[in-house]
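Peer 1: prediction below, plus the sequence it came from.
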Amino acid sequence: HNHTTASDGDHTPIKLVQRHKQHGVRLMAITDHDTIEGFFQLKQSDIPTNVTVIPGVELSVSSIVDGKKHHLLALFPKYAIGCSNNYIEFDSKQFKFEVTQTSQFSDLQNFSDSLNVMRKARIERSKNYFEKLNEIYNLNLDFNEFCVDNQINMENFTSEASIGRPLIAKYLVKKGIITCSDEAFGKYLSDDSPAYQALPKVELEEMIEIVNKIGGMCFIAHPKLWGYDEQSMQKHLESAFKAGLTGIEKWHSVCTYEYDCIGTMGSDFHGPTVHPDVEVGKYQNNTITGEDIQKLLHC
């Protein structure tokens, strides 16, 4: 669970992989918000040896149970790159998995293209955020400057990166309005803020079915982070597993959640702008079993 400059991370895809290698991480996933473009950029590069990269994406979705939101990690292990002998060594064991040939990446590319609608919605939401922040807090923010900073083309609602609230926070830091990303969320950008702007709802269960059809695997990201009561969470998970959910992110840099299913672990690494105290590989090799890794790779 890592983010690059393709969404709200600070490191380019290649720099991110290099950082993981420096920290001894051998298996990682790139999971930018609403885009897989970071992975496709990486495919065109000479990535460090002995680091296997699984393509993925983090999607904002809502449970059909009650409309409450979650983040869904869609992972595609069969499209992994960077392990020349197709083996991954973990806990002194080797698990073999077959990697799809480059010519067969069309399903993943088509899925990535379908996410453009969600990326456009993120651009529209950022524009609405600027209007609300100026209206409520009189911050005098310049959306055109923000577009230049983030290479947003408002004529066709496209951008180099997937636009999220952390990028707005970064802009607020740049303008000297706040000192760090956490302060921006605390004062202006939280879900409870008067300026809050929601993304269009995408059903969790429907997205799980779409990802499964193209050979992906779905995990609820940081389930405890939302603060839902246990009864609500159980209903959400039951509905999601019925739709084909693979498992949950049991180990996250700021929370853990135990449930009888396959688990993933993720630092949710962004870089110095978002969660600056979080480093790559924070949970490396000490809270996930070899059995979990084997189930994940043998999809």
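Peer 2: Now that the structure is in, tell me what you want to look at. Quick caveat: nothing in here was measured; it's all calculated off a predicted structure.
Peer 1: how about the secondary structure of residue 279?
Peer 2: Applying DSSP: H, G, I helix; E, B strand; the rest coil to residue 279 yields a three-state assignment of coil.
Peer 1: oops, could you answer that again for residue 71 instead?
Peer 2: Looking at residue 71 with three-state DSSP, the answer is strand.
Peer 1: just the pLDDT at it, thanks.
Peer 2: The model reports residue 71 with a pLDDT of 94.
Peer 1: what of residue 287?
Peer 2: Model confidence at residue 287, expressed as pLDDT, equals 51.
Peer 1: got it, and residue 265?
Peer 2: Residue 265 is assigned a pLDDT of 79 by the prediction.
Peer 1: isn't it right next to residue 250, touching?
Peer 2: Yes - the pair formed by residue 265 and residue 250 meets the contact definition of Cβ atoms under 8 Å, at 6.8 Å. For glycine as for every other residue, the C-beta is placed from the backbone atoms N, C-alpha and C.
Peer 1: out of the two, name the residue with the larger neighbour count.
Peer 2: The neighbour count for residue 265 versus residue 250, taken as other Cβ atoms under 10 Å, is higher for residue 250 (25 against 21).
Peer 1: now do that one, the pLDDT please.
Peer 2: Residue 250 carries a pLDDT score of 79 in this model.
Peer 1: any figure for the gap between it and residue 231?
Peer 2: When Cβ to Cβ, to the nearest Å is the yardstick, residue 250 and residue 231 sit 20 Å from each other.
Peer 1: swap in residue 166?
Peer 2: With distances taken as Cβ to Cβ, residue 166 is found 31 Å from residue 231.
Peer 1: who has more neighbours, those two?
Peer 2: Here residue 166 and residue 231 are set side by side on neighbour count (other Cβ under 10 Å), and the busier one is residue 166, at 23 against 8.
Peer 1: ignoring the adjacent residues along the chain, who's closest to that one?
Peer 2: With Cβ to Cβ, 6 or more residues apart in numbering as the measure, residue 8 is the residue that lies nearest to residue 166, at 3.9 Å, once sequence neighbours are left out.
Peer 1: and that neighbour, which of the three is it?
Peer 2: Remark: residue 8 carries the secondary structure label coil [criterion: three-state DSSP].
Peer 1: wait, isn't it in contact with residue 164?
Peer 2: Yes - using Cβ under 8 Å, residue 8 is in contact with residue 164, at 4.7 Å.
Peer 1: quick check: neighbours shared by the two?
Peer 2: In the contact map built from Cβ atoms under 8 Å, 6 or more residues apart in numbering, the residues linked to both residue 8 and residue 164 are residue 33.
Peer 1: how many residues are close by the residue nearest to residue 166?
Peer 2: For residue 8, the neighbour count with other Cβ under 10 Å is 25.
Peer 1: contacts only, for it.
Peer 2: The neighbourhood of residue 8, defined by Cβ under 8 Å, 6+ apart, consists of 32, 33, 161, 162, 164, 165, 166, 167, 270, 273, 274.
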